[in-house]
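1. next one to model:
(chains A, B and C)
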Amino acid sequence: MNYCLKFIRFFSLLLLFFAAIPAIAADEPDHSPNNKVQAISLTSQMYRDVRSGKLQLQGDHSAVDVLILQRNIPITYDYVATLMRTPNAFGEGPACVVCHSSNNPEHSYRGLDLSTCEGILRGSTESPQTPVIMPGNPEKSSLIRRLHSNRMPLGIPFFHPVDGESILKVKKWIDDGAKDDEVFDKSILPLFREKEAFGGDFSCIECHPSTNGLSLTSYRNIMRGAFYKERKKKGLAIKPVVIPGNSEASPLYQRLITNRMPPGISPGEDINHPNIQILTRWVKQGSWCK
Amino acid sequence: MNYCLKFIRFFSLLLLFFAAIPAIAADEPDHSPNNKVQAISLTSQMYRDVRSGKLQLQGDHSAVDVLILQRNIPITYDYVATLMRTPNAFGEGPACVVCHSSNNPEHSYRGLDLSTCEGILRGSTESPQTPVIMPGNPEKSSLIRRLHSNRMPLGIPFFHPVDGESILKVKKWIDDGAKDDEVFDKSILPLFREKEAFGGDFSCIECHPSTNGLSLTSYRNIMRGAFYKERKKKGLAIKPVVIPGNSEASPLYQRLITNRMPPGISPGEDINHPNIQILTRWVKQGSWCK
Amino acid sequence: MNYCLKFIRFFSLLLLFFAAIPAIAADEPDHSPNNKVQAISLTSQMYRDVRSGKLQLQGDHSAVDVLILQRNIPITYDYVATLMRTPNAFGEGPACVVCHSSNNPEHSYRGLDLSTCEGILRGSTESPQTPVIMPGNPEKSSLIRRLHSNRMPLGIPFFHPVDGESILKVKKWIDDGAKDDEVFDKSILPLFREKEAFGGDFSCIECHPSTNGLSLTSYRNIMRGAFYKERKKKGLAIKPVVIPGNSEASPLYQRLITNRMPPGISPGEDINHPNIQILTRWVKQGSWCK
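-> Now for the predicted structure:
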């Protein structure tokens, strides 16, 4: 049995107990992320907000945003189960369960079983075993990341090798400590400026110049991570793309080797697809099976 | 337990017993609306009708019409369960169960649980408690009406207030008895002629002049209800849009405050969507769970 | 109980036992069609093939082809159950289960129940009882054929009679032995040349002249069957379209009377729809319910 998971659950329940004693009387577990007890109903809240003129439903995914995400409706596993089985659920492509329906790595890629809640919680059973969700933390859940993070450079073929010379150089540089040294200047930084260095048609800095969300133009800019200016303005910590010594945990390397799911999806397909947002919320709410 | 429902079922079964004794020997309950025993198979009937040249399959929803509705195939709850879970099942929009998956009004709008057959039969549990289906009577089932009745005026935003001055005037007039008096002449009838009286870009009578399905041009026309001429020609009773003294039961008022589902759907989307028709038939056949 | 089915299962298991003893130790049944034990994982194989540059993911259904079909991932009944319930799963049209959800021929066309795995294995229960799948043999499974075989001539209406004079002549000629005689010359061959002989706008030979996959221009060509040249080149046996004495088993006759499913689907819709291919593979792998 999965004692680790059981322990996590038990511990979460314990925390919940002390943090949200008033919620215990309620019929269902409280799924709101901050465990605040909602005193009034969703519908009453909605009408109150309508009266104050706060709400607007406009544009493509507005219904999901305003009625579901902003109000933090508990997402049920029942709906997650539907998403895993539905073709084109997250954009054009096969249903998740076609390729991931068993913990046997001979029958299912990565030994990953997305056809049951237990399988989702268990993650990839093939070595190296890795979880695909971290309950409560969608940013660290590859199940979520894989749905909206396009492999770089944009438009690179699904089966482009993940161990090409340039990719391995970046990996080694990170694993060796990601130092601002001669190796970086001579063999890493030039790769980001070079057309086709990683196999696509563009250089990295064409989309990631200094002024963009991530700048790959200098050591300093790279180490400042993603959305540096925006985050600084908001007083947020930096969001690193390089973790010195750990390529596996470094988005810079991961984005060079990890294909977006479902296989073959165009990088132009909406990374804010409403079903991706709903699945993300399910993970953030704790990815409960019941 | 829901004794009321049980009683309705029991009573229905009793009726069925005396009306259709020959059907009792059959393996499955008879779903045909008039409890007539079908002596020959669906397939034989179809081929007989093909030979007589009666059948045609043309246009978008013809298959559903000719093969399913005209032949009154029993719709199973199994398929209804699919519809409740499927995104875009009734036109562009989120799956029903995302917003309505619990009887707890803090987790589900109106405390409505559309994820189980029991939940559908139970209806909205939040005060004011209301059923969403009347088994056998789709016209009185809000689950059906909400899927094809556009809020008026057409194109009005989802969150436009439902308690604006004009709407409240209409409500009060109806609740006060919907009289043909000075109040009606001076403060109600003009609203139907005024552009933007209810918030949209058009006046009511632009779409509902004397010659249309419903005329809002005079007291007499309003009280004649919907499709007056057509219904008179067929010898049918009038279909009122105003029930004096009861705004809640009056379509004229309901259409001003009730948004079409799913949220954000364009009023231009087909109100005869095949899945709406199939769900409607399931209700008409008695909305059986098995 | 269905002893016949049980016997087939038992016999299959017996065969499997002797043919694939090494597989028995595995956790799950071996779904690969030749019962070969796969020594390495799907993911390892994929990466090995990526390194060798063998794999490409391009075009619409490439993901299904390269990642699922080429690697023969076991298709689960769980996904098949989804396909049977999903509207438009195999191209525009109602979900299979709407018309086929019961073994009672008064409630379901052909008494066919596609809502359970048992129902699929049982097939049409209405007389003449016929299986819809032959486990392991998708080519002989009407469930598959009906999804990608357009009724001939292309574009003929769904309800065009299946017992018109021309069709009955062809049937009789086949049942009488499909001889190369005066009947054939005078009353059969001319039908294939005549515009509208079978009700469509074109003659058969407009699409099936000598140089095409099937030639209906002479007795010899007809008896050479489909894809004669291609198959001869590959050393394959002929693929007959006429089985003398057996019109029911003859594709030439069957294609004149059998509508493609779902009802009303355009013949232009992709007969290689990825979900048709996935369902086909499920049948080829043995159509297992677990």
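2. what does the stretch 101-250 of chain A put close to chain C?
-> If contacts are counted using C-beta under 8 Å from any C-beta of the partner chain, the residues of the stretch 101-250 of chain A sitting beside chain C are A:101-102, A:104-111, A:115, A:126, A:157-159, A:161-163. All C-beta atoms are positioned from the backbone trio N, CA, C, and that covers glycine.
3. of those residues, buried ones?
-> A:101-102, A:104-111, A:115, A:126, A:158-159, A:162 (16 or more other C-beta atoms under 10 Å in any protein chain shown).
4. of the residues you listed, which is the nearest to chain B?
-> Nearest to chain B among those: A:Ser115, at 15.4 Å, using C-beta to the nearest C-beta.
5. any idea which element the closest one lies in?
-> Following DSSP states H and E, one finds A:Ser115 outside all helices and strands.
6. pretty sure it contacts C:Thr76?
-> Yes. The criterion here is C-beta atoms under 8 Å, and A:Ser115 meets it with C:Thr76 at 6.8 Å.
7. so what sits against both of these two?
-> Counting by C-beta atoms under 8 Å, 6 or more residues apart in numbering or on different chains, the residues touching both A:Ser115 and C:Thr76 are A:Val97, A:Ser101, A:Ser102.
8. just the ones of the residues of the stretch 101-250 of chain A next to chain C in helices?
-> The helices, defined by DSSP state H, take in nothing from these.
9. these in strands, which ones?
-> Counted as lying in strands by DSSP state E, out of those, is not a single one.
10. one step back: of the buried ones among the residues of the stretch 101-250 of chain A next to chain C, which pair is most distant in space?
-> Taking C-beta to C-beta as the measure, these span a maximum distance of 26.7 Å, between A:Ser115 and A:Val162.
11. just how off-centre is stretch A:72-91 within its chain?
-> Between the mean C-alpha location of stretch A:72-91 and the chain-wide mean there is a distance of 16 Å, by C-alpha atoms, centre = their mean, to the nearest Å.
12. poorly predicted segments of chain A, please.
-> Along chain A, segments meeting pLDDT under 70 span A:1-39, A:57-60, A:211-212.
13. what residues does it have near chain B?
-> Taking C-beta under 8 Å from any C-beta as the contact definition, chain A meets chain B at A:26-28, A:31, A:38, A:40-43, A:46-47, A:50-51, A:53, A:55-58, A:62-64, A:66-68, A:73-76, A:78-79, A:82, A:86, A:89, A:274-275, A:278.
14. filter those down to the buried ones, PyMOL style.
-> Buried residues within these, as defined by 16+ other C-beta under 10 Å, are selected in PyMOL through the command that follows:
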select buried, chain A and resi 31+38+41+42+43+46+47+50+55+57+62+63+64+66+67+68+73+74+75+76+78+79+82+86+89+274+275+278
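15. just to revisit the earlier point, nearest to C:Met261, of the shared contacts of A:Ser115 and C:Thr76?
-> Relative to C:Met261, and with distances defined as C-beta to C-beta, the nearest of those is A:Val97, at 23.4 Å.
16. give me the neighbour count for the closest one.
-> By the measure other C-beta atoms under 10 Å in any protein chain shown, the count of residues near A:Val97 is 24.
17. what's near enough to touch it?
-> Neighbouring residues of A:Val97 by C-beta under 8 Å, 6+ apart: A:Met84, A:Arg85, A:Leu114, A:Ser115, C:Thr76, C:Asp78, C:Tyr79, C:Thr82.
18. how does it look with 10 Å?
-> A:81, A:83-86, A:108, A:113-116, A:119, C:75-76, C:78-79, C:82 (C-beta atoms under 10 Å, 6 or more residues apart in numbering or on different chains).
19. which ones are touching A:Ile278?
-> By C-beta under 10 Å, 6+ apart, the contact set of A:Ile278 is A:64, A:68-69, A:73, A:75, A:79-80, A:83, A:89-90, B:87, B:94-95, B:98.
20. for A:His100, see how far away it is.
-> A:Ile278 sits 19 Å away from A:His100 when distances are taken as C-beta to C-beta, to the nearest Å.
21. again with A:Asp176
-> With the distance defined as C-beta to C-beta, A:Asp176 ends up 34 Å from A:His100.
22. what about those two, which has more around it?
-> A:His100 (25 against 14).
23. list the buried residues of stretch A:252-267.
-> Along stretch A:252-267, the positions that meet the burial threshold by neighbour count (16+ other C-beta under 10 Å) are A:252-265.
24. taking those one by one, which sit in helices?
-> A:Leu252, A:Tyr253, A:Gln254, A:Arg255, A:Leu256, A:Ile257.
25. next secondary structure after the one helix or strand A:Arg145 maps to?
-> In the assignment (DSSP H and E), A:Arg145 maps to helix A:142-148. On the C-terminal side of helix A:142-148, the closest following helix or strand by DSSP H and E is helix A:165-175.
26. need the residues that contact that next one.
-> Looking at what lies outside helix A:165-175 - C-beta under 10 Å, 6+ apart - the contacts are A:160-163, A:178-179, A:181, A:183-184, A:187-192, A:194, A:196-199, A:241-250, A:252-253, A:256-257.
27. what's the spacing between the closest residue to A:His160 other than its chain neighbours and C:Val66?
-> In space, and not counting its chain neighbours, A:His160 is closest to A:Gly199: 5.0 Å by C-beta to C-beta, 6 or more residues apart in numbering or on different chains. To C:Val66, A:Gly199 is 18 Å away according to C-beta to C-beta.
28. picking that back up, any chance of the shared contacts of A:Ser115 and C:Thr76 in JSON lines with distance to A:Val132 as columns?
-> JSON lines is the format used below for the shared contacts of A:Ser115 and C:Thr76 (distance: C-beta to C-beta, whole Å):
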{"residue": "A:Val97", "distance to A:Val132": "14"}
{"residue": "A:Ser101", "distance to A:Val132": "14"}
{"residue": "A:Ser102", "distance to A:Val132": "15"}
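29. which one of the residues you listed is nearest to C:Leu147?
-> Taking C-beta to C-beta as the measure, C:Leu147 lies nearest A:Val97 of the shared contacts of A:Ser115 and C:Thr76, at 20.3 Å.
30. helix or strand right after the helix or strand hosting that closest one?
-> Secondary-structure element containing A:Val97, defined by DSSP H and E: helix A:96-99. Taking DSSP H and E as the definition, the helix or strand that follows helix A:96-99 towards the C-terminus is helix A:117-122.
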